[in-house]
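Asker: build me a model from this:
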Amino acid sequence: MKKAILLLMSIQFLVYLGFGIIIPILPEVIIEQQLNEIHVGGLLTVYALSSFFIAPLWGSLSDRIGRKPLIMIGLFGFSLSFLIFSVWIDSLTMMYVSRMVGGVFSGALYTSVNGFVADMTSNEERNKYMGLIGMSLGLGFIFGPAIGGVLGHISLTLPFTASAILTFLLMIYAALVLKEPVNRNEGKKRTIVPKGGMDLWKYRVRYLFLTSFMVTFLLAGVEATFQLFQVKNIEITPLQIGYLFIASGLVDAAIQGGVVRRVKHGSETKWIIGGQVLTALGLLMFPFTGSLFWAGVSLSVFTAGNALARTVLVSLTTKESGGRYGTASGMSYSMDNLGRIAGPLLFTWILTGISGNVYFISATLSLLTILLIFIFRNNAKPVPN
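Answerer: Reported below is the predicted structural model:
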């Protein structure tokens with residue numbers, strides 16, 4: 001079982017690494033080819049959009065034909081998406097095709113891996129192992145931009161070639177190691193709107209769902225525009241971006257490992273508000289970047305606030321679910337996905353029009369989100385157990 005869990009963690013790590021690895025490379029490619037900067041947002045959005053809508057179909061298919069076949073298909077398709085991007089990096093059309101292919105097959109991997117874990121664990125073990133899978137997702141998203149920046153310094157195609165080879169080797173290993181679970185649980189697939197999810201919108205937990213959207217929306221928007229803006233400001237390189245994302249990733253890990261565990265029950269809303277204030281401060285620092293050091297400080301401040309608000313928000317949402325933890329988590333995941341779809345496209349569109357002023361607007365949105373937390377605290381309609 002330990003081998004299987006480690007392999008499944010590796011798969012989920014690669015799924016989110018695949019989303020993040022393009023972040024420091026894409027602006028460089030778009031600038032070199034003298035394309036409209038909005039394509040940076042478009043290429044990030046099309047990945048999230050493809051995954052969001054196709055994942056429920058993959059989930060239904062995995063219930064019928066099994067988890068392992070879907071994992072094999074997903075790994076092959078994911079490897080293919082990296083290869084397409086590497087070979088046709090000079091073609092805007094093929095870059096979009098690559099990202100769509102990656103998004104489609106990441107949906108297959110996400111749903112089949114979660115289903116696999118649900119099948120092979122008892123109710124008592126499931127939270128522990130789902131937590132490990134969730135941790136690997138977070139690590140993939142943190143280290144994706146860092147790896148992309150470091151390898152991209154050697155060659156813009158190297159991160160994608162390396163990822164294609166690594167994913168293909170992982171597929172071969174999975175074919176040898178993974179065994180189809182004996183028991184297959186229905187209903188473990190991810191849906192666009194979780195069953196019973198709309199019922200939760202009748203209660204005050206809806207304000208937490210909206211906050212979850214906004215927190216991810218701001219994060220995805222910064223990831224799409226930070227390098228584009230800093231290229232104009234301080235002529236930042238993909239390698240430097242990689243280093244900055246490594247630093248901010250360590251800040252993220254420190255917040256989640258050292259600060260969040262100290263949050264006492266009942267004080268969650270104060271920490272979320274503090275996180276949003278810190279997020280707004282980081283955003284307000286971006287336009288005044290005059291050096292690489294200042295860029296790193298502002299990104300780390302933003303990351304600290306976003307990580308704090310995001311992690312505490314997940315905990316509070318489950319507490320407010322009235323015992324419907326899976327439904328509430330599924331709805332939060334759907335809102336996160338919507339944030340990843342809207343954030344890159346909208347931020348890059350605004351950036352092309354008003355440049356650094358986009359961060360003043362986003363800082364204002366971060367502070368306005370605090371109103372949702374105040375409304376949540378003053379609402380006396382929790383989800384009944």
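Asker: point to the residue nearest the middle of the protein.
Answerer: Centroid check for the chain by CA atoms, centre = their mean gives residue 141 as the closest residue, at 6.0 Å.
Asker: so what pLDDT did that one get?
Answerer: Per-residue pLDDT puts residue 141 at 71.
Asker: so it is in which element?
Answerer: Take DSSP states H and E as the rule and residue 141 turns out to sit in helix 123-154.
Asker: residues touching the next helix or strand after that helix, excluding its own?
Answerer: Using DSSP H and E, the helix or strand that follows helix 123-154 in sequence is helix 158-177. Residues from elsewhere that reach helix 158-177 (CB atoms under 8 Å, 6 or more residues apart in numbering): 3-4, 7, 10-11, 14, 17-18, 21-22, 25, 68, 71-72, 75-76, 78-80, 82-83, 85-86, 89, 147-148, 151-152. Where C-beta positions appear, they are placed from N, C-alpha and C, glycine not excepted.
Asker: pull out the buried residues from these.
Answerer: Among the contacts of helix 158-177, the ones that count as buried by 16 or more other CB atoms under 10 Å are 4, 7, 10-11, 14, 17-18, 21-22, 25, 68, 71-72, 75, 78-80, 82-83, 85-86, 89, 147-148, 151-152.
Asker: can you flag which of these belong to helices?
Answerer: 4, 7, 10-11, 14, 17-18, 68, 71-72, 75, 78-80, 82-83, 85-86, 147-148, 151-152 (DSSP state H).
Asker: excluding residues flanking it in the chain, which one is nearest residue 149?
Answerer: In space, and not counting its chain neighbours, residue 149 is closest to residue 242: 2.0 Å by CB to CB, 6 or more residues apart in numbering.
Asker: just residue 349 next, same as before
Answerer: Nearest to residue 349 is residue 38, by CB to CB, 6+ apart, at 5.5 Å.
Asker: surely the one you found and residue 350 touch.
Answerer: No. Using CB atoms under 8 Å, residue 38 is not in contact with residue 350; the gap is 9.8 Å.
Asker: residue boundaries of the strands in the chain?
Answerer: With strands called from DSSP state E, the chain shows none.
Asker: by mean pLDDT, point me to the weakest helix or strand of it.
Answerer: helix 123-154 (a mean of 73; mean pLDDT, DSSP states H and E).
Asker: per-residue pLDDT of the residue nearest to residue 349, please?
Answerer: Residue 38 is assigned a predicted lDDT (pLDDT) of 89.
Asker: check residue 316 and give its pLDDT.
Answerer: pLDDT for residue 316: 86.
Asker: need the contact list for it.
Answerer: By CB under 8 Å, 6+ apart, the neighbours of residue 316 are 208, 268-269, 272.
Asker: 10 Å instead?
Answerer: Residues near residue 316 by CB atoms under 10 Å, 6 or more residues apart in numbering: 205, 208, 211, 263, 265, 268-269, 271-272, 373, 376.
Asker: who wins for neighbours among those residues?
Answerer: residue 208 (29 neighbours; other CB atoms under 10 Å).
Asker: ok, now which ones touch it?
Answerer: Listed by CB under 10 Å, 6+ apart, the contact partners of residue 208 are 200, 268-269, 272, 313-314, 316-321, 328, 331-332, 335, 372-373, 376.
Asker: all the helices of this protein, in order from the start?
Answerer: If DSSP H is used as the criterion, the helices of the chain fall at 2-20, 26-32, 38-65, 67-87, 92-120, 123-154, 158-177, 197-200, 205-234, 238-254, 268-285, 292-319, 325-354, 357-378.
Asker: just the C-alphas of the shortest one, formatted as PDB.
Answerer: Read it as helix 197-200. What follows is helix 197-200, C-alpha atoms only, in PDB (Å, rounded to 0.1, in the frame of the first residue of the first chain):
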ATOM      1  CA  GLY A 197     -23.500  21.300  -3.000                       C
ATOM      2  CA  MET A 198     -26.100  23.900  -4.000                       C
ATOM      3  CA  ASP A 199     -27.900  23.200  -0.700                       C
ATOM      4  CA  LEU A 200     -25.000  24.600   1.200                       C
END
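Asker: avg pLDDT for that helix?
Answerer: Helix 197-200 comes out at a mean pLDDT of 76.
Asker: next one: the first one
Answerer: For helix 2-20, mean pLDDT is 77.
Asker: quick one, it and helix 238-254 angle?
Answerer: Helix 2-20 runs at 130 degrees relative to helix 238-254, counting by axes from the mean of the first three to the mean of the last three CA atoms, to 10 degrees.
Asker: off-centre distance for helix 2-20?
Answerer: Mean-position distance between helix 2-20 and its chain equals 14 Å (CA atoms, centre = their mean, to the nearest Å).
Asker: what does the last one give?
Answerer: Relative to the chain's own centre, helix 357-378 is displaced by 21 Å; criterion: CA atoms, centre = their mean.
Asker: give the other helices and strands that that helix contacts.
Answerer: Under the contact definition 3 or more CB pairs under 10 Å, 6 or more residues apart in numbering; DSSP states H and E, helix 357-378 sits against helix 205-234, helix 268-285, helix 292-319, helix 325-354.
Asker: can you redo those helices as JSON lines with distance to residue 258?
Answerer: JSON lines is the format used below for the helices and strands packed on helix 357-378 (distance: least, CB to CB, whole Å):
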{"stretch": "helix 205-234", "distance to residue 258": "20"}
{"stretch": "helix 268-285", "distance to residue 258": "13"}
{"stretch": "helix 292-319", "distance to residue 258": "11"}
{"stretch": "helix 325-354", "distance to residue 258": "23"}
